[in-house]
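Below are the sequence and a predicted model for it; my questions follow.
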Amino acid sequence: MMTTTECAVTPNRKEKIQSLIEEMSDGLLEREHQIKLMMLAALSGEHVLLIGPPGTAKSELAKRLKNVFVEANYFERLVTRFSVPEELFGPLSIKALEEDRYNRLTSGYLPEASVAFIDEIFKANSAILNSLLTLLNERQFDNGNRRVKVPLISVVAASNELPDGDELSALYDRFILRSYVSPVSDNAFEALLDGAPQNFDPALNVRLKLEDLTEIQKLAGKVELTQETKEACKEFRRYLAQNDIVVSDRRWRKLVKLIKVSAFTSGFNQTRIYDTWILPHCLWEQPEQFTGLQKLYKRLVTVDGKTPPSRLLQVIKAWEDKLKEDQQAQTPKRDNKGRPLYKDQAGKEVIEEVSNYHKKNKQGKLLYWDADYKEETTNSRKHYGRDENKPIIEKGKNTPIFTQSYFSFAYVEGRVREIQNIKNQIETFSNHVDKEISEVSDYFESHLWLDKNMLPEVLDALRLSQKEAAKLLASATKLESGFKNLPLESQQDLMLDAVVDNNVIEGVLCDD
């Protein structure tokens with residue numbers, strides 16, 4: 001149900017973010033995706049990992065992120081196997097060493113950067129790794145015997161290949177958002193030849209301030225994580241388990257923060273299932289896993305979340321079977337005294353369960369007992385004389401007569417009440433779909449991060465769901481009518497009374 005309301009995000013700030021995303025994309029081909037990821041990461045205080053070959057504008061993306069913020073310091077470094085801590089964290093202070101202190105001169109280096117680009121990050125050795133992990137996760141740096149807070153907003157890391165070795169897994173896990181950056185497609189190749197990237201230098205009044213980030217992260221924490229969002233996360237978790245993809249609890253908590261920032265910066269005070277768009281970009285370990293995760297997201301927002309609950313389909317089917325069973329149900333037919341009736345071999349209604357029958361052979365001829373020859377015969381008379389052979393009599397069970405079952409008023413009323421409850425559930429779902437159809441276009445339009453190209457598929461799924469709900473409602477209405485029309489015991493009583501009255505009348509006429 002689309003009950004999300006506009007919340008207290010300053011409209012000017014939302015417009016700033018929208019403008020910055022558009023300006024950052026200007027002059028870069030097919031990089032809108034990475035720009036949104038980097039912007040959302042920075043607003044959430046998280047980091048981005050770009051995987052891909054050299055020459056695909058990874059460093060340019062990081063430089064543009066730096067210009068999003070007012071007075072942001074930028075640091076960039078290419079890491080090799082031979083890199084030393086001084087290259088990232090600054091040289092040791094000679095003066096401090098003379099005073100028996102171990103301090104680094106961090107000015108112009110990573111500990112004092114707001115935005116940083118670290119290329120080939122997985123080539124970092126153990127001498128760099130520990131300090132880097134603390135700086136990324138806790139925003140702190142150990143400078144000598146002091147742990148100082150760093151002004152870091154976000155790190156954009158790049159690599160041509162994924163980490164190899166357990167010692168780098170913790171570093172890999174610190175980059176919540178991940179994206180594979182491929183060379184431009186054939187469709188954009190001609191545009192690549194025609195132009196060069198333009199400078200990204202937004203006006204000061206458009207750039208974000210540090211206090212903007214602080215407020216966004218604080219207020220986003222108050223956004224309600226709805227049940228439909230939680231259910232979507234559970235679906236992703238099940239998918240990860242099936243595909244042997246391991247995601248830490250810490251990472252899930254950070255993902256929730258991203259989801260909330262996605263909703264909050266778009267102007268909403270509660271999340272929607274659509275805000276899980278970020279999960280495929282955060283959960284893969286190998287780039288090829290992204291496609292499956294993206295398909296899952298697409299299914300959740302266009303199929304699973306838009307079709308009538310399978311439970312309703314199953315319940316309707318069960319009740320249809322029950323109605324058919326009741327309509328075909330039969331009970332023993334009884335006379336006006338309540339005695340069960342049977343049909344004898346002559347087709348007459350009798351009250352005896354067992355009757356005496358004149359035995360017949362396979363050809364249907366009556367059989368007699370010839371005492372002279374001590375055998376069964378079809379001849380009723382003896383061979384010599386006029387005495388008759390005795391008919392052979394045997395006992396046989398008569399066929400029970402069944403008639404349509406009748407039901408108590410309480411039984412029928414209970415069944416009708418159950419169906420009406422199901423109808424209410426279907427109508428509630430149908431109203432939910434109708435409401436979402438009327439609001440989802442505006443939701444996509446006002447959302448900063450959603451892929452607008454997915455809206456037609458969402459609308460198609462909702463309209464299909466409308467039709468399915470209408471079919472279910474029609475089935476439930478037919479069921480309700482079917483149970484209402486079951487024969488009642490009171491009708492049976494009236495019929496029996498009519499039979500009795502008819503017998504009385506016939507008896508009176510006979511007496512007369």
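Everything's here; your move.

In terms of pLDDT, where does E228 sit?
According to the prediction, E228 has pLDDT 92.

oh, I was asking about D497
53.

residue ranges for the strands of the stretch 201-350 of the chain, please.
All strands of the stretch 201-350 of the chain, identified by DSSP state E, counting those that start in this stretch, fall at 330-332, 342-343, 349-350.

Mind giving me the packing neighbours of the longest one?
In terms of contacts (3 or more C-beta pairs under 8 Å, 6 or more residues apart in numbering; DSSP states H and E), strand 330-332 is packed against strand 402-404. Placement of C-beta: from N, CA and C, glycine included.

Next: the second one.
Judged by 3+ C-beta pairs under 8 Å, 6+ apart, strand 342-343 is in contact with strand 349-350, strand 399-400.

Please convert those strands to a markdown table, extending it with mean pLDDT, mean neighbour count and distance to T226.
Shown next, in a markdown table, are the helices and strands packed on strand 342-343 (pLDDT from 0 to 100; neighbours: other C-beta atoms under 10 Å; distance: least, C-beta to C-beta, whole Å):
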| stretch | mean pLDDT | mean neighbour count | distance to T226 |
| --- | --- | --- | --- |
| strand 349-350 | 90 | 14 | 67 |
| strand 399-400 | 91 | 12 | 60 |
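
So which of the ones you listed is nearest S83?
strand 399-400 (94.9 Å; C-beta to C-beta).

Return the distance of the closest one from the chain's centre.
55 Å (C-alpha atoms, centre = their mean, to the nearest Å).

Same question for stretch 30-39.
26 Å.

Buried residues in that stretch, which are they?
Of all the residues in stretch 30-39, those buried under the rule 16 or more other C-beta atoms under 10 Å are E30, R31, Q34, I35, K36, L37, M38, M39.

so where do the helices sit in the stretch 151-300 of the chain?
With helices called from DSSP state H, counting those that start in this stretch, the stretch 151-300 of the chain shows them at 169-173, 186-194, 210-220, 227-242, 249-265, 280-283, 289-299.

name the helices or strands packed onto the fourth one?
I take that to be helix 227-242. For helix 227-242, the packing partners by 3+ C-beta pairs under 8 Å, 6+ apart are helix 249-265, helix 289-299.

Give me the contacts around the first one.
Helix 249-265 is contacted from outside by 4, 7, 9, 13-14, 17, 40-41, 43-44, 46, 173, 176-177, 216-217, 219-221, 223, 225, 229, 233, 237, 269-272, 275-279, 282-283, 448-449, using C-beta atoms under 8 Å, 6 or more residues apart in numbering.

any idea how far R253 lies from I176?
10 Å (C-beta to C-beta, to the nearest Å).

Look at the two and report which has more neighbours.
I176 (24 against 9; other C-beta atoms under 10 Å).

State the number of residues packed around the nearest residue to the more buried one once chain neighbours are set aside.
Closest residue to I176 apart from its sequence neighbours, by C-beta to C-beta, 6 or more residues apart in numbering: E46 at 4.5 Å. Using other C-beta under 10 Å, E46 has 24 other residues around it.

so who does E46 touch?
E46 touches S154, I176, L177, K254, K257, L258, counting by C-beta under 8 Å, 6+ apart.

Then Y74?
Counted by C-beta under 8 Å, 6+ apart, Y74 has contacts A62, K63, K66, A113, S114, V115, A116, F117.

can you do 6 Å?
K66, V115 (C-beta atoms under 6 Å, 6 or more residues apart in numbering).
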